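Engineer: Got a sequence here, can you build the structure:
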Amino acid sequence: MKCFERRAILGLAASLAIASAGLLPDLAAAQDYPTKPVTMLVGYGAGGQTDLVARGAARVLAEQLGQPVNVVNKPGAGGAVAARELTQAAPDGYTILFHSNSVVNSAPFIMDQVNFTPDDFEYAGMITAYQTGLVAHVDAPFDDLKGFIAWARENPHFAYAALSPEARMYMDTLAEANGLEPNAVPVQSGGEMITALLGKQVIAAFSGGIHYRYPDELKTISATTTFRHPSAPDVASIEEDGYPIGMDTRTTLFLPKGTPRDVLERISDALSAAADDADFKKVTDGANIPIMYMNLDEARAEIESTYAKHKGILTDGS
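Structural biologist: Below you'll find the model as predicted:
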């Protein structure tokens, strides 16, 4: 009997040792992270604001983490293509997504093929805010939202550039309220949107803020945020003009669900360095992009709160 008990105890101890040994590689991986290059997906094409900030952030992350951070553009469906790819990646911190939080807190309420929720990802922080707005060429025959609507009533089937589902939502709301007949011209990046505006292929566009790099050629007609833009403080927000649909978005670092907390903290700490990095500030200052860093816990709280708010705006609370 004693011999049997002794064998059982030894067997249990051996099993625990094997199980514990199986956990050690993951723990070591989190502590040593990163030991190889990191892939940063970007949900828009090259040349736009998100891509611009992503590349600046990737440089800072590479310096802080001690490994290359390689940017890979995966445009499509307002970032949903890249986000879907991220969900298939291993939760080890070696594949990350730099994108607007709109892919979680807005797109699911607009696009049938997108059904992300805040719990589908981990978040390592946020770094900049978008000065989203309705913009036009400086030669456009209107200077504010009221003037645009008056012009649009007299010019049915006008063309506007739409980079995201939110852009279509804003114009659809304005069209329904005012009897407008717009034609959306889809674009894959901020660069394409700027080209369409500068070439006068469209009368207006919804920009994430990159238009502020062209102050002599483009103008803001309405801020589609809840606040007036620091770069155009005299331009009213869309909410001030009577449309309670202003939504704030931020560039966010997404990681696969289940990524260890230690890895998230390592990336979040590395991202925080961008807020005070001189070269990164040159990039954002040159494009009039406000830096508003949030750590991993603040980022999750922001995602969850705006998910609830934007659901109310985009689905009337249903």
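Engineer: Assumed Thr194 was part of a strand.
Structural biologist: No, residue 194 isn't Thr; it's Ile. No: counting by DSSP: H, G, I helix; E, B strand; the rest coil, Ile194 is not found in a strand; it is helix.
Engineer: ok, now how distant is the residue nearest to Thr132 when sequence neighbours are not counted from Val42?
Structural biologist: Of all residues not flanking Thr132 in the chain, Thr224 sits nearest, at 4.8 Å (Cβ to Cβ, 6 or more residues apart in numbering). Heads up, the C-betas are built off the backbone N, CA and C, glycines and all. Here the criterion is Cβ to Cβ, to the nearest Å. By it, Thr224 lies 22 Å from Val42.
Engineer: Of those two, which one has the most company?
Structural biologist: Neighbour count, other Cβ atoms under 10 Å: between Thr224 and Val42, Thr224 has more, with 29 against 26.
Engineer: what sits against that one?
Structural biologist: 132-134, 166, 170, 206, 237-238, 245-247 (Cβ atoms under 8 Å, 6 or more residues apart in numbering).
Engineer: Likewise for Thr252?
Structural biologist: 98-101, 123, 125-126, 299, 303.
Engineer: Could you work out the most separated pair of the contacts of Thr224?
Structural biologist: Comparing all pairs in these by Cβ to Cβ, the longest separation belongs to Glu166 and Ser237, at 14.8 Å.
Engineer: ok, the two, which is more surrounded?
Structural biologist: Glu166 (26 against 18).
Engineer: ok, of the contacts of Thr252, which one's closest to Phe142?
Structural biologist: Of all those, Phe142 sits closest to Ser100, with 27.4 Å by Cβ to Cβ.
Engineer: check contacts around the closest residue to the closest one other than its chain neighbours.
Structural biologist: The shortest distance from Ser100 to any non-neighbouring residue, by Cβ to Cβ, 6+ apart, is to Thr249 (4.9 Å). Counting by Cβ under 8 Å, 6+ apart, Thr249 touches 100-102, 105-106, 129-130, 132, 166, 208.
Engineer: any chance of those in TSV, with pLDDT, distance to Pro34 and secondary structure too?
Structural biologist: Formatted as TSV, these follow (pLDDT from 0 to 100; distance: Cβ to Cβ, whole Å; DSSP: H, G, I helix; E, B strand; the rest coil):
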residue	pLDDT	distance to Pro34	secondary structure
Ser100	92	24	strand
Asn101	94	24	coil
Ser102	91	28	helix
Asn105	93	28	helix
Ser106	90	31	coil
Ala129	91	27	strand
Tyr130	88	28	coil
Thr132	92	33	coil
Glu166	81	33	helix
Gly208	83	29	coil
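Engineer: List buried members of those residues by neighbour count.
Structural biologist: 100-102, 105-106, 129-130, 132, 166, 208 (16 or more other Cβ atoms under 10 Å).
Engineer: Make JSON lines from those and add distance to Met294 to it.
Structural biologist: Shown next, in JSON lines, are the buried ones among the contacts of Thr249 (distance: Cβ to Cβ, whole Å):
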{"residue": "Ser100", "distance to Met294": "14"}
{"residue": "Asn101", "distance to Met294": "10"}
{"residue": "Ser102", "distance to Met294": "16"}
{"residue": "Asn105", "distance to Met294": "14"}
{"residue": "Ser106", "distance to Met294": "18"}
{"residue": "Ala129", "distance to Met294": "10"}
{"residue": "Tyr130", "distance to Met294": "14"}
{"residue": "Thr132", "distance to Met294": "18"}
{"residue": "Glu166", "distance to Met294": "20"}
{"residue": "Gly208", "distance to Met294": "18"}
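Engineer: for the stretch 51-200 of the chain, what spans make up the helices?
Structural biologist: Here the stretch 51-200 of the chain has its helices, by DSSP state H, counting those that start in this stretch, at 80-87, 102-105, 145-154, 165-178, 190-198.
Engineer: so which of those helices is the most packed in?
Structural biologist: Among the helices of the stretch 51-200 of the chain, helix 102-105 has the highest mean neighbour count (mean count of other Cβ atoms under 10 Å), at a mean of 28.
Engineer: tell me the contacts of the nearest residue to Thr251 once chain neighbours are set aside?
Structural biologist: Closest residue to Thr251 apart from its sequence neighbours, by Cβ to Cβ, 6+ apart: Thr128 at 4.8 Å. By Cβ under 8 Å, 6+ apart, the contact set of Thr128 is 53, 250-251, 284, 289-292.
Engineer: what's the answer for Ala299, then?
Structural biologist: With the criterion set at Cβ under 8 Å, 6+ apart, Ala299 makes contact with 123-126, 252-253, 268.
Engineer: Equivalent analysis for Asn70, please.
Structural biologist: Per Cβ under 8 Å, 6+ apart, neighbours of Asn70: 37-40, 58.
Engineer: Same question for Ile245.
Structural biologist: 169-170, 173, 224, 238-239, 313.
Engineer: Specify which member of these is nearest to Leu264.
Structural biologist: Using Cβ to Cβ, these come closest to Leu264 at Ile313, 29.0 Å.
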